[in-house]
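**Student:** What would the 3D arrangement of this be:
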Amino acid sequence: MKLKLPIQLVSLFLTAILMAGCSSFVEQQADKFANSVSETMLNFEDPETVGSAMPTFLILIDSFARKPDAGGKAQLSAAQIYGAYAGAFVEDPRRKKILSDKAFNYAQKGSCQMNKKWCGIDSLDAAAFQEFADELHKDDVPLAYAYSIAWLSFIQSHSDDWNVLADLSKAQRLLGIVVEFDEGYEHGTAHLYLAAIATTLPPALGGKPDVGKHHFERAIELSNGRNFLAKVEYARRYARLTFDQDLHHQLLEDVLAADPHEPGLTLMNAWSQQQAALLLEGESEYFE
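**Tutor:** Numbering: from 1, shown residues only. Okay, the predicted model is just below:
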């Protein structure tokens with residue numbers, strides 16, 4: 001099974017987290033600059049320009065995360081920018097694996113530094129992992145979110161390895177923790193990932209489109225419809241999977257007709273509109 005998750009889409013949104021993380025470990029005199037760049041990137045209308053700039057930030061952040069005294073926040077920020085860049089702007093499978101491996105490695109180290117109970121959780125067997133997850137609470141939401149996103153990026157790039165793919169349920173469980181305790185966290189993006197997992201396969205092969213539909217609709221609702229990514233993925237993954245052309249068309253038309261400018265979401269919305277146009281372009285062929 002080839003796992004197809006919206007890493008390449010949601011990763012643009014994750015820039016908000018990773019850039020916020022920057023200011024927590026970049027030298028004090030650079031804080032103002034980092035915050036300014038963060039705001040500029042998130043509210044920039046041209047994803048291609050941001051994509052060209054991201055390698056510079058990747059190298060900068062990696063240089064801090066590699067330091068022997070690097071804190072957990074630095075390493076989690078590195079994890080998120082590696083995952084973001086790999087998912088959004090890298091097509092070569094070999095490079096994706098290298099970058100997602102680094103992302104997951106930093107997520108493991110950073111989570112462990114932030115809270116010792118997170119050390120080595122990826123190696124727990126199913127029963128032990130379930131016990132670990134059952135003991136998590138609302139304070140664990142940020143780590144559960146960051147860890148699961150990096151883990152999904154790693155799983156996606158190693159989808160040809162059944163041993164890696166077997167951990168999908170664990171990453172899914174962590175996303176469930178986020179939804180359970182704070183479903184609105186980061187504009188409800190955990191719902192978007194859960195929706196993608198549920199609609200990766202058609203029903204005949206174990207997919208759960210009705211579950212995916214619920215998560216897509218919650219993601220849209222929790223962002224008040226301003227997260228265009230949720231609508232685009234709803235069309236791409238659910239409407240196409242169930243051959244609902246009317247829904248597909250309406251969702252994409254809504255995205256294209258809306259103003260993408262939204263504090264903190266403009267970059268992602270602009271990218272989502274590009275995707276909506278491409279999906280509409282191929283609509284008649286897909287639903288013929």
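**Student:** rest of the way, CA atoms for contacts and neighbours
**Tutor:** Fine.
**Student:** In this structure, which helix is the longest?
**Tutor:** helix 93-114 (DSSP state H).
**Student:** Show me which positions of that helix end up buried.
**Tutor:** Buried positions in helix 93-114, judged by neighbour count with 16 or more other C-alpha atoms under 10 Å: 96-97, 99-114.
**Student:** Spit out the contact partners of residue 54.
**Tutor:** Neighbouring residues of residue 54 by C-alpha atoms under 8 Å, 6 or more residues apart in numbering: residue 85.
**Student:** cool, and residue 141?
**Tutor:** 177, 178, 181, 182.
**Student:** most neighbours, which of the residues you listed?
**Tutor:** Per-residue neighbour counts (other C-alpha atoms under 10 Å) across the contacts of residue 141 peak at residue 178, which has 27 neighbours.
**Student:** Which element, helix or strand, includes that residue?
**Tutor:** helix 168-182 (DSSP states H and E).
**Student:** Okay, buried residues for that helix please.
**Tutor:** 168, 170, 171, 172, 173, 174, 175, 176, 177, 178, 179, 182.
**Student:** re earlier: what's the mean pLDDT across the longest helix of the chain?
**Tutor:** Here helix 93-114 scores 92 as its mean pLDDT.
**Student:** cool, stretch 167-175 as well?
**Tutor:** Mean predicted confidence for stretch 167-175 is 95.
**Student:** so where do the helices sit in the stretch 1-150 of the chain?
**Tutor:** For the stretch 1-150 of the chain, the helices defined by DSSP state H, counting those that start in this stretch occupy 7-25, 31-42, 47-65, 72-89, 93-114, 126-134, 141-157.
**Student:** Using a markdown table, please lay out these together with distance to residue 238.
**Tutor:** What follows is those, written out as a markdown table (distance: least, C-alpha to C-alpha, whole Å):
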| stretch | distance to residue 238 |
| --- | --- |
| helix 7-25 | 16 |
| helix 31-42 | 27 |
| helix 47-65 | 25 |
| helix 72-89 | 21 |
| helix 93-114 | 26 |
| helix 126-134 | 29 |
| helix 141-157 | 19 |
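**Student:** which one of those lies closest to residue 213?
**Tutor:** helix 7-25 (17.6 Å; C-alpha to C-alpha).
**Student:** for the stretch 1-150 of the chain, which spans come out with low pLDDT?
**Tutor:** In the predicted model of the stretch 1-150 of the chain, residues 1-44, 46, 51, 53, 68-70, 88 satisfy pLDDT under 70.
**Student:** Pop the domain breakdown of this structure in here.
**Tutor:** Split into domains by the TED database, the chain comes to 56-181, 183-287.
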